[in-house]
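here is the input, now give the coordinates:
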Amino acid sequence: MLALPWGHRYATVQTNQNLTVDVSSSFKVSIEWGEGSWDSSSFGYGLSTDGSDWVWVDLPWFEDGSGSNKRCSTDVVITIPGKYYYAYRMVKAANGGTGYSFGSDAWVENTSSISAVSTIVVGDVSTQDGVWYSSTTWESGSIPTILSDVAVMHNVSVSNTGLEASSLVIYSGKTLTINQGGQLSVSNFTTVNGTLSVQSDASGNGSFITNSITGNASVQRYMAAYTVGSDGWHLLSSPLTSFTISGSSFEPTSGTDDLYKYSESTNMWLNYQQSSFGTLDIGEGYLTAWGSNKTGTFTGTLNVADVSYSNLSVTGGQGEGWHALGNPYSSAIAWDDSGNSWSRTGIAATAKVWSEVAGNYADITQDGTIPSTNGFFVQATSGTNSMTIQEESRTHNIINNYKSNIANEMVITVSNSVNSFYDVNRIALNQDATESFDAEFDSHKLYGSSTAPQLASEIDGELFTINHLPLLTGSYELNMEFIAGVNGSYTYSFEGLSSFDNDMVIVLEDKQTQSLIQLTGQNYQFDANTTDNHMRFVLHFTTMAGITESTEDAAITLFSYENLITIDNRTEQNGMIEVYDLTGKVLFVNGLEPEHNTFRVNVAKGVYLVRVGAGEKVITRSIVIR
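Take a look at the predicted model:
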């Protein structure tokens with residue numbers, strides 16, 4: 001235990017005390033009185049956070065010293081971080097006189113007010129207005145860590161990432177502001193006697209995580225205005241345990257403001273102004289748009305608990321099991337966090353969030369990020385279903401670039417030259433997948449803005465934004481639905497092609513221009529109108545298992561033009577040329593001589609595979625016959 005030195009009445013013996021202790025650690029208060037006739041029953045000490053609001057605790061005498069000396073002591077534990085002033089008090093029974101000491105010889109008798117000068121600093125305490133990530137803001141001269149019990153006794157702002165504390169108390173009249181991009185985690189409790197404000201602006205949100213909280217907090221959500229050219233719809237969710245719309249900053253007040261709740265059973269968005277819902281319920285998603293840029297504020301009790309769902313409806317011909325849910329926290333969450341499964345049953349493995357930049361719904365796969373105050377869609381695949389958003393899935397990670405990092409997965413992005421909207425489609429080969437819808441891998445299409453391009457793969461009338469196919473042998477054709485949102489020039493870009501096996505050849509067919517393009521990483525540009533056939537594109541997959549390609553192919557080079565194939569064979573050995581269609585059928589076979597060889601192949605226009613072997617050298621190339 002940390003012991004305070006004896007408090008003495010003797011002059012020049014005791015000097016002022018300024019101490020620092022940890023929260024909940026025990027320290028000893030000990031006092032010796034060596035003069036006068038004080039009443040032991042009223043002898044005590046006091047602690048105050050501001051030098052005026054004192055709480056007194058009586059101490060019994062436990063020992064008589066020599067002469068008239070008397071002593072008493074007690075163990076003290078302070079559980080709330082902060083800066084405390086302290087004093088000793090003794091009361092004379094005879095005349096009610098009171099004497100105070102502040103760990104010094106500065107006594108005041110027969111008075112009801114005191115001006116304390118000695119302090120006990122408990123935990124990490126702010127010493128002035130400032131930023132959290134600055135040593136000058138704190139009494140200790142050090143920035144708090146994950147082990148710190150923090151007292152905000154001034155106005156403090158958070159702008160840095162990765163800041164942590166063990167506990168947090170915000171004192172009355174003081175404000176802790178978490179700016180956009182700022183991140184703060186409190187592993188234990190948070191007490192808000194003042195103001196806790198989590199900010200938002202056009203570049204994103206602040207982020208706050210705590211395991212328990214007492215008192216109210218304010219969480220902002222910035223939303224850009226609705227315009228015809230750049231859309232402006234937003235999926236919204238509340239981070240509070242309860243929130244009433246009427247009178248709040250999220251209540252639509254003009255004809256250009258909108259707030260909707262989705263009904264799966266009718267596949268309709270219900271307008272707040274025309275329906276009965278009056279709250280933003282925890283864990284639910286809502287659609288909103290505003291006539292001007294909007295920063296709304298949620299004020300109330302932050303939700304820090306798990307949120308569970310069960311038996312979400314599945315209505316054929318209407319919502320088809322899609323439900324608008326919401327992030328219920330003041331931070332981002334990791335969808336179906338791989339370290340803390342959301343216990344999904346009868347719920348598809350892919351969620352969707354609205355991308356205001358793309359004008360489309362973006363797919364969120366495992367560990368993908370759903371921002372704070374953001375709604376999202378899930379699809380129930382069975383009428384018996386359940387899911388829990390676990391508080392352990394909260395994260396400060398607000399970056400999700402949606403890149404392909406799965407073997408045998410390609411990511412196709414389509415954009416245009418007229419507006420900034422785009423759409424993304426994923427196609428993968430997976431030994432555990434089937435050709436039909438797999439709830440653990442695939443995701444159905446949800447259509448976005450009418451002026452944004454729409455892209456989906458199609459199988460038996462079902463449209464996918466993520467489509468996992470079984471491992472392929474031979475050839476396979478996959479129809480692609482493309483809808484131009486506006487008339488203009490469009491670009492397909494491709495990622496992940498290098499993740500496919502070397503014996504896989506992928507060709508894009510544009511039926512409108514009668515073009516065949518082998519995909520090797522290059523973009524494909526084309527013109528499109530809103531009236532074009534939606535099924536103008538086909539992806540051809542051909543695997544040539546067993547036909548290998550040597551990495552030492554410099555001795556053989558191959559060129560093609562129209563239906564002519566030219567081969568330079570510098571191996572000085574005879575060889576063989578074979579031409580295959582995309583089904584693997586052999587269409588042409590001929591011998592190969594050293595040096596220069598030219599062949600005319602009489603086949604229809606299309607993409608073909610050419611295998612050339614001479615000695616130990618073998619190459620396989622795809623060619624386009626035009």
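
right, and L59 touches V76 too?
No: with the criterion set as C-beta atoms under 8 Å, L59 and V76 do not qualify as a contacting pair; they are 10.4 Å apart. Yep, even glycine has a C-beta here, placed from its N, CA and C like the rest.

could you tell me which residues touch both of the two?
With contacts defined as C-beta atoms under 8 Å, 6 or more residues apart in numbering, the residues shared by L59 and V76 are V29.

residues near the residue nearest to N374 when sequence neighbours are not counted, how many?
In space, and not counting its chain neighbours, N374 is closest to N327: 5.2 Å by C-beta to C-beta, 6 or more residues apart in numbering. A count of nearby residues for N327, using other C-beta atoms under 10 Å, gives 30.

I'd like to know how many residues surround Y476.
Taking other C-beta under 10 Å as the neighbour definition, Y476 ends up with a count of 17.

same question, the one 10 residues further on
Residues contacting V486 under the criterion other C-beta under 10 Å number 17.

how many residues are close by D257?
When neighbours are counted by other C-beta under 10 Å, D257 registers 18.

for A380, see how far away the closest residue to it other than its chain neighbours is.
The spatially closest residue to D257, leaving aside those adjacent along the chain, is W290, at 5.3 Å (C-beta to C-beta, 6+ apart). Computed with C-beta to C-beta, to the nearest Å, the distance linking W290 and A380 is 30 Å.

surely R570 meets H596?
No: in this structure R570 lies outside contact range of H596 using C-beta under 8 Å: 9.9 Å.

so which of these two has more stuff around it?
R570 (14 against 10).

excluding chain neighbours, what is closest to the more buried one?
Ranked by C-beta to C-beta, 6+ apart and with sequence neighbours excluded, the top spatial neighbour of R570 is A555, at 4.8 Å.

what residues are up against the one you found?
Residues counted as contacts of A555 (C-beta under 8 Å, 6+ apart) are 569-571, 614, 617.

do that again at 6 Å, thanks
Residues near A555 by C-beta atoms under 6 Å, 6 or more residues apart in numbering: 570-571, 617.

make TSV out of those residues and add pLDDT.
Putting the contacts of A555 into TSV (pLDDT from 0 to 100) gives the following:
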residue	pLDDT
R570	87
T571	86
K617	83
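
which of the residues you listed fall within strands?
Applying DSSP state E to the contacts of A555, the entries found in strands are K617.

nearest to T210, of the contacts of A555?
The closest of these to T210 turns out to be K617 (C-beta to C-beta; 65.9 Å).

so the closest one sits against E572, correct?
No: under the criterion of C-beta atoms under 6 Å, K617 lies out of contact with E572, with a separation of 10.8 Å.

so which of the two has more stuff around it?
Set side by side, K617 and E572 give different neighbour counts by other C-beta under 10 Å, the larger being at K617 (18 against 10).

for the residue nearest to D257, give its distance to V353.
The span separating W290 from V353 equals 19 Å under the rule C-beta to C-beta.

likewise for V29?
V29 sits 56 Å away from V353, taking C-beta to C-beta as the criterion.

next one: E458
The gap separating E458 from V353 is 23 Å, by C-beta to C-beta.

cool, I80 as well?
Using C-beta to C-beta, I80 is found at 40 Å from V353.

and K352, what does it touch?
Applying C-beta under 6 Å, 6+ apart, we find K352 in contact with 361, 377, 446.

restricted to strands, list the residues you listed.
Per DSSP E, strands hold the following members of the contacts of K352: 361, 377.

quickly find the element holding the residue lying closest to M268 once chain neighbours are set aside.
In space, not counting the residues next to it along the chain, M268 is nearest to Y262; the distance is 7.7 Å by C-beta to C-beta, 6+ apart. Remark: Y262 resides in strand 258-263, with elements defined by DSSP states H and E.

who has more neighbours, I80 and V353?
Legend: neighbour count by other C-beta under 10 Å for I80 and V353, higher for V353 (22 against 16).

my read: that one touches N360, true?
No: V353 lies out of contact with N360 (C-beta under 6 Å); the separation is 10.3 Å.

circling back to that earlier point, looking at W290 and A380, which one has more neighbours?
Higher neighbour count among W290 and A380: A380, with 27 against 23, using other C-beta under 10 Å.

for the residue nearest to D257, phi and psi?
Geometry field for W290 lists phi and psi as phi -130, psi 150, criterion degrees, to the nearest 10.

where in this structure is pLDDT low?
Across the chain, residues meeting the criterion (pLDDT under 70) sit at 1-17, 31-44, 61-71, 89-117, 228-230, 339-340, 397-406, 474, 544-554, 583.

break the protein down into its domains, please.
The chain resolves into domains spanning 2-122, 124-215, 224-400, 409-543, 556-625 when parsed by automatic domain parsing.

the shortest one: end-to-end distance?
Taking C-alpha to C-alpha, to the nearest Å, domain 556-625 runs 20 Å from one end to the other.

same check on the second one?
Counting by C-alpha to C-alpha, the length from the leading to the trailing residue of domain 124-215 is 21 Å.

hey, where'd the strands end up in the stretch 301-450 of the chain?
Ranges of strands within the stretch 301-450 of the chain are 307-310, 322-326, 332-334, 351-355, 360-364, 369-370, 375-379, 386-389, 394-395, 409-416, 422-429, 443-444, based on DSSP state E, counting those that start in this stretch.

closest to A484 out of those?
Between A484 and these, the shortest separation by C-beta to C-beta is 7.5 Å, and it involves strand 409-416.

make a markdown table out of the contacts of A555 and add distance to G215.
Formatted as a markdown table, the entries for these read as follows, by distance: C-beta to C-beta, whole Å:
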| residue | distance to G215 |
| --- | --- |
| R570 | 81 |
| T571 | 81 |
| K617 | 76 |
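
now, which of the contacts of A555 sits nearest N529?
Here the nearest of the contacts of A555 to N529, counting by C-beta to C-beta, is K617; it sits at 48.3 Å.

who does the closest one bridge with?
In this structure, K617 has beta-bridge partners A614, where bridges are defined by DSSP bridges.

do T74 as well
Going by DSSP bridges, T74 forms beta bridges with V29.
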